[in-house]
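In: got a structure for you, letters missing:
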């Protein structure tokens with residue numbers, strides 16, 4: 001089978017990490033499949049995908065299309081941006097349609113809201129289209145309307161958690177939905193291996209005494225809880241010797257939705273953390289960065305669709321503190337494989353950091369249990385099997401209903417599985 005993946009970004013965030021897991025899983029499970037990837041911008045994702053055996057095309061977005069996004073912006077601002085972007089987007093969609101026609105894929109798999117729409121506009125008639133949705137649609141006031149209007153072009157939806165599947169079901173009630181967890185590469189995120197010198201990378205002086213190293217790993221989206229993390233580290237420092245690390249950088253071109261590095265450094269200064277919190281910037285070797293930490297914090301202030309960092313931290317055998325909201329709550333068992341904290345509550349988060357700082361045996365117990373749970377829940381073989389089932393069913397449904405709408409397809413199982421895939 002020839003699969004064409006469409007992804008808007010060339011940088012590597014959570015959705016892109018999930019895509020790499022898909023490419024790796026399918027390359028092992030179906031080595032004869034032809035995997036193609038089209039990117040809306042150049043970046044490190046291109047090389048990583050090629051290393052997994054995928055053919056990659058970079059077809060850069062027009063600047064206005066690249067900047068378009070409705071996260072963190074008002075509906076009026078988004079509508080104004082859409083009006084300015086309409087002509088460049090239409091030109092890009094025509095070019096994309098010609099490229100897809102030349103590739104002649106058996107199925108198109110889109111990653112990212114902009115590519116869902118562009119894929120719907122550009123797909124050849126009769127080619128099945130699978131939207132891989134990593135976000136809550138009901139919170140996207142404009143995109144949810146556009147996706148609903150174009151849902152008849154979509155053969156099936158993959159959601160990255162049961163929580164997201166339920167949300168998608170409310171917005172796209174007549175589209176097939178399969179909830180499939182992302183995978184984590186078990187060897188890459190092994191507890192043993194290379195570690196990074198986070199102090200050196202972030203410009204902090206070497207610690208002169210033992211410290212608890214606590215990190216927040218991820219993109220700089222404003223809802224990822226960086227400010228809550230900084231406040232929690234400042235509070236925890238009153239009880240335990242702790243250093244915090246902000247690992248990552250702003251990677252998207254949609255400016256309103258993310259912090260800048262300078263803004264976060266100013267926030268750290270306001271909490272008096274200049275010498276106890278380091279900013280590493282983008283780190284290529286995330287597993288090595290995680291191995292350098294004692295505790296990994298997930299601090300999202302809004303419901304987390306999945307939480308790739310949670311899964312990776314668990315696989316790395318680390319003690320993880322998780323914001324109890326959204327799909328993130330599906331990934332761990334409280335007090336067994338991770339600790340939880342109230343979203344947006346720096347006091348609660350600080351208390352959990354202090355607990356772990358004062359109890360090394362608790363850190364070790366959580367890390368061991370987390371590793372075992374992650375190997376089962378986020379397995380690449382399981383991911384490939386479930387994806388192949390969805391792809392095969394989507395292709396077969398498209399063959400049988402070339403000129404029919406999605407309403408003529410059999411009724412899916414709501415928000416759970418399709419084609420015997422499981423969450």
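Out: Now that the structure is in, tell me what you want to look at. Computed from a prediction, not measured in an experiment: that's the story for all the values here. Numbering: from 1, shown residues only.
In: Walk me through the domains of the chain.
Out: Annotated domains of the chain cover 2-183+380-408, 198-377 [automatic domain parsing].
In: where's the first one relative to the chain centroid, distance-wise?
Out: Spelled out, that is domain 2-183+380-408. Offset of domain 2-183+380-408 from its chain centre (C-alpha atoms, centre = their mean, to the nearest Å): 13 Å.
In: what do you get for stretch 189-200?
Out: 22 Å.
In: As TSV, the domains of the chain with distance to residue 190 and mean neighbour count would be great.
Out: For glycine as for every other residue, the C-beta is placed from the backbone atoms N, C-alpha and C. Listed next are those as TSV, based on distance: least, C-beta to C-beta, whole Å; neighbours: other C-beta atoms under 10 Å:
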stretch	distance to residue 190	mean neighbour count
domain 2-183+380-408	14	19
domain 198-377	7	20
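In: what's the following helix or strand after the top helix by length along the chain?
Out: When the chain is parsed with DSSP state H, its longest helix is helix 75-103. Later in the chain than helix 75-103, the nearest helix or strand by DSSP states H and E is strand 107-111.
In: Show me the contact partners of that following strand.
Out: Identification of contacts with strand 107-111 by C-beta atoms under 8 Å, 6 or more residues apart in numbering yields 1-8, 15-16, 18-19, 22, 100, 116, 118-119, 123, 127-132, 134, 391, 394-395.
In: again with stretch 377-392
Out: 1, 3, 21-22, 24-26, 28-30, 107, 109, 130, 156, 158, 178, 180-186, 311, 314-315, 331, 418-422.
In: one step back: counting contacts, what elements does the longest helix of the chain pack onto?
Out: For helix 75-103, the packing partners by 3 or more C-beta pairs under 8 Å, 6 or more residues apart in numbering; DSSP states H and E come out as strand 2-7, strand 34-39, helix 63-67, helix 113-122.
In: Now render the ones you listed as TSV, adding mean pLDDT and distance to residue 267.
Out: Below are the helices and strands packed on helix 75-103 laid out as TSV (pLDDT from 0 to 100; distance: least, C-beta to C-beta, whole Å):
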stretch	mean pLDDT	distance to residue 267
strand 2-7	98	31
strand 34-39	98	32
helix 63-67	87	24
helix 113-122	96	28
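In: among the ones you listed, which is nearest residue 360?
Out: strand 2-7 (40.9 Å; C-beta to C-beta).
In: How much space separates residue 340 from residue 297?
Out: 12 Å (C-beta to C-beta, to the nearest Å).
In: Report the contact partners of the closest residue to residue 217 other than its chain neighbours.
Out: Of all residues not flanking residue 217 in the chain, residue 247 sits nearest, at 4.4 Å (C-beta to C-beta, 6 or more residues apart in numbering). By C-beta under 8 Å, 6+ apart, the residues touching residue 247 are 198, 215-218, 280, 283, 286, 289.
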